[in-house]
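A.B. asks: predicted model, plus sequence, below.
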Amino acid sequence: MSRALSLLLALSLVACGDDDAPVSDAGLDDAALDAPTIDAGPSCTVGLWDPLGDDLHQWPEPTLLREDSSRATGYSLFFDETRFAPLLTRFAGYAPIFTEDLAELDGFGSTSGIFFRFGRAFDEAALPSGLGTAEADAGVGLAILGDAPRLVPVETETTDDGATLMMRPLRPLPQRTWVVAFVTRALTDAAGGCLEPSDGTSALLADPDARTSEALETLSTLGVDTTELVALSVYPVGTLVDESLAVAADVATLAPTPIAEPTCTDEALFRRCELAFEAVDYRDEDRIHRGVSRERTHVLPVTVWLPLEGEGPFRTIVWGSGLGSGRDQGNRLAGFAAPRGFATIAIDAVSHGQHPDAAGESDDTLATTLRFFTIGDLEERALFPLRLRDNFRQSAWEKLQLVRLVQTGIDLDGDDVSDLDADRLAYLGVSLGGIMGPEPLALSGVFDAAVLVVPGGRVSSIIGESELFGSLTRILRPRGTTDGDVDRFFPVLQTFLDPGDATVWGRHVQVERLVGDASPDVLAGVALDDEVVPNVASWTLMRAMELPLVGAELRPVVGIENVPAPASANGTAGRTAGFLQFDVVRDGETVEVATHDNVGDSEQGLHAWLTFLETHFEDGRAVIEDPYVATGLPHAD
């Protein structure tokens, strides 16, 4: 029995005495009579949602929806500055995100968190989480409405010292579907013995609008006892993929060529060539995308690394660099790939290296990171989430244009023959490059194979939960805000980011193709306890892509299948699919703990990536080997 329950029981026993007994002060001295009454806190865990309240007590908040026939969902979002004035004051330079940016959206998030605030704490350890939340009696969860209703499992946690219940879908929700998030009295034990709806929620349940009525009927059909509901939010998931599909269709009609003769230099392990091409910037001047237009262009530098031996066209790897690094980070990959007969080609991500967005700016890693994540003036405009979303999307769209450049033909040695084989393309990205990989992979059918090293999905989780970004988050939060304020802000932020998030696009790499029938073989690698991309973000992406864990299961992951190594042709439509867990790696004679920075070019990592790519191009179907077995390195105890 909890301390709070013990106290409540003691108080209830006092209250349940003989009502007719005379009140007596016998045995109490004056000091005792004058002693202040101790506030034992709320006697019940009651929801805080109020449809007219001045704070966001739940997210998604359906009262923000306004009918709007110009939007694909039929709705837009409106944030009332008068109603929410206290919140806007508290969030200072983040206020424009609510007052200006939300109006650009036509619904809520696909992967973003959901929260309900209450007046008393839950015992987080007693909350259901994971696959079991898809059961009707779990007490918390999501349901997709419509013609094929179903319960969707979620991960749960708390913030605000346990008084806010948070959940996140295990897999992305489909765009433009209506969803209901809910909590029932099945969580009463976790709530300390009493759990009730707010007055606002009770009124909504007693007199539901049309959408709420549909949600209640659906929940009842799915077996949820709607008489036990204490919190619910009925909302549409916003449009996710349409804009990128339109851009990809436009890119497919481009025929870019180098704007000048390439310059090449032979180095020890490869021939390095520099060139450039004119690319379309599909964003407006404020660096936000609002429609397909070729009015804005800029020149993108390109680096190609060719094998020193052999004749082209060479099978080619499109390289994606890590956060803070320019395309020259591809030197390291090329040093291993070129001797094996692979060419490598790379451009800079938006705001990185020599990308036009970074012109005249510092190339320092911290400066690049702040620029990419659109960190601004903490008092006036602290963050630009729509620009951040489109930093990811424009980077993906430029990779698609790079592919078109390869398809048009790049002659690097003057023999009028392309040196890169557009019919044998692979993608390999590390860190940010791994995170950015799924969108171009989903939007193009030309990639045969892909390797994603230490990637993750749900960018807000990477920002909010990684060791690296944790200190930055604390520095950037407004004065006077609490840890709970920060935790509750991230679901709002992710709502903006979902259309450019790896988790949303990961679903469409193999499982639900949007462009063409052909999908690539896919391998990913995850460092356990990654200090930069937290494992929760990696598992989110692995689930979305439906990649099984191949080989040794060093750490079980909810919703992930484990298959033995070697694995080949084990995925959707006979494609190879899987990821590896890394706990230690070997550097020469030294065995080290696997980290975000050392897995990519470690002995074990390189064996996995290159074996995967070579078997794909040699045999038509990649093989995922267990690199620990192949290299004779045992896992840590």
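C.D. replies: Nice, thanks for sending it over.
A.B. asks: use CA for all of it now, contacts and neighbours both
C.D. replies: Fine.
A.B. asks: would you mark the buried spots in stretch 506-525?
C.D. replies: Residues of stretch 506-525 classed as buried: 506-511, 513-515, 518-525 (neighbour count, 16 or more other C-alpha atoms under 10 Å).
A.B. asks: distance of residue 317 from residue 219?
C.D. replies: 48 Å (C-alpha to C-alpha, to the nearest Å).
A.B. asks: so those two - more neighbours on which side?
C.D. replies: The neighbour count for residue 317 versus residue 219, taken as other C-alpha atoms under 10 Å, is higher for residue 317 (29 against 23).
A.B. asks: hmm, that one is touching residue 425, no?
C.D. replies: Yes: counting by C-alpha atoms under 8 Å, residue 317 touches residue 425, with 5.9 Å between them.
A.B. asks: how about low-confidence regions in the protein?
C.D. replies: Along the chain, segments meeting pLDDT under 70 span 1-41.
A.B. asks: tell me the centre residue of it?
C.D. replies: residue 458 (0.9 Å; C-alpha atoms, centre = their mean).
A.B. asks: and the gap between that one and residue 102?
C.D. replies: Taken as C-alpha to C-alpha, the span from residue 458 to residue 102 is 19 Å.
A.B. asks: follow-up on the earlier one: now, the buried residues of stretch 506-525 that are in strands?
C.D. replies: 521-525 (DSSP state E).
A.B. asks: of all the residues you listed, which two lie farthest apart?
C.D. replies: Greatest spatial distance in these: 521 and 525, 13.9 Å, computed using C-alpha to C-alpha.
A.B. asks: break the protein into its domains for me.
C.D. replies: Domain assignment of the chain by automatic domain parsing yields the ranges 45-236, 242-631.
A.B. asks: I'd say residue 608 and residue 625 touch.
C.D. replies: Yes: using C-alpha under 8 Å, residue 608 is in contact with residue 625, at 6.3 Å.
A.B. asks: re earlier: just put the domains of the chain in TSV and tack on distance to residue 637.
C.D. replies: Output for the domains of the chain, formatted as TSV (distance: least, C-alpha to C-alpha, whole Å):
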stretch	distance to residue 637
domain 45-236	27
domain 242-631	10
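A.B. asks: so where do the strands sit in the stretch 301-450 of the chain?
C.D. replies: Secondary structure of the stretch 301-450 of the chain (DSSP state E, counting those that start in this stretch): strands located at 314-320, 342-346, 375-377, 381-383, 420-430, 447-453.
A.B. asks: and residue 493, which of these is closest to it?
C.D. replies: Of all the strands of the stretch 301-450 of the chain, it is strand 381-383 that lies closest to residue 493, at 9.8 Å by C-alpha to C-alpha.
A.B. asks: can you list contacts of the closest one?
C.D. replies: Contacts with strand 381-383, where a contact means C-alpha atoms under 8 Å, 6 or more residues apart in numbering, come from 93-97, 373-377.
A.B. asks: hey, where'd the helices end up in the stretch 51-200 of the chain?
C.D. replies: According to DSSP state H, counting those that start in this stretch, the stretch 51-200 of the chain carries its helices in the segments 85-91, 95-96, 199-206.
A.B. asks: buried deepest among the ones you listed, which one?
C.D. replies: For the helices of the stretch 51-200 of the chain, the largest average neighbour count (mean count of other C-alpha atoms under 10 Å) is found in helix 95-96, namely a mean of 19.
A.B. asks: next one: it to chain centre, how far?
C.D. replies: Put simply, helix 95-96 sits 23 Å off its chain's centre (C-alpha atoms, centre = their mean, to the nearest Å).
A.B. asks: where do the strands of the stretch 1-150 of the chain begin and end?
C.D. replies: 45-46, 58-59, 65-67, 75-77, 114-117, 140-144, 150-152.
A.B. asks: so what strands line up beside the fifth one?
C.D. replies: Neighbouring strands of strand 114-117 in its sheet, by DSSP bridges, are strand 58-59 (antiparallel), strand 164-169 (antiparallel).
A.B. asks: just how off-centre is the first one within its chain?
C.D. replies: In terms of C-alpha atoms, centre = their mean, the gap separating the centre of strand 58-59 from the centre of its chain is 19 Å.
A.B. asks: then stretch 95-113?
C.D. replies: Relative to its chain's centre, stretch 95-113 lies at 15 Å (C-alpha atoms, centre = their mean).
A.B. asks: show me where the stretch 301-450 of the chain has helices.
C.D. replies: Using DSSP H, counting those that start in this stretch, helices in the stretch 301-450 of the chain cover 330-337, 365-372, 385-408, 432-435, 438-443.
A.B. asks: out of the ones you listed, which is closest to residue 46?
C.D. replies: helix 385-408 (32.9 Å).
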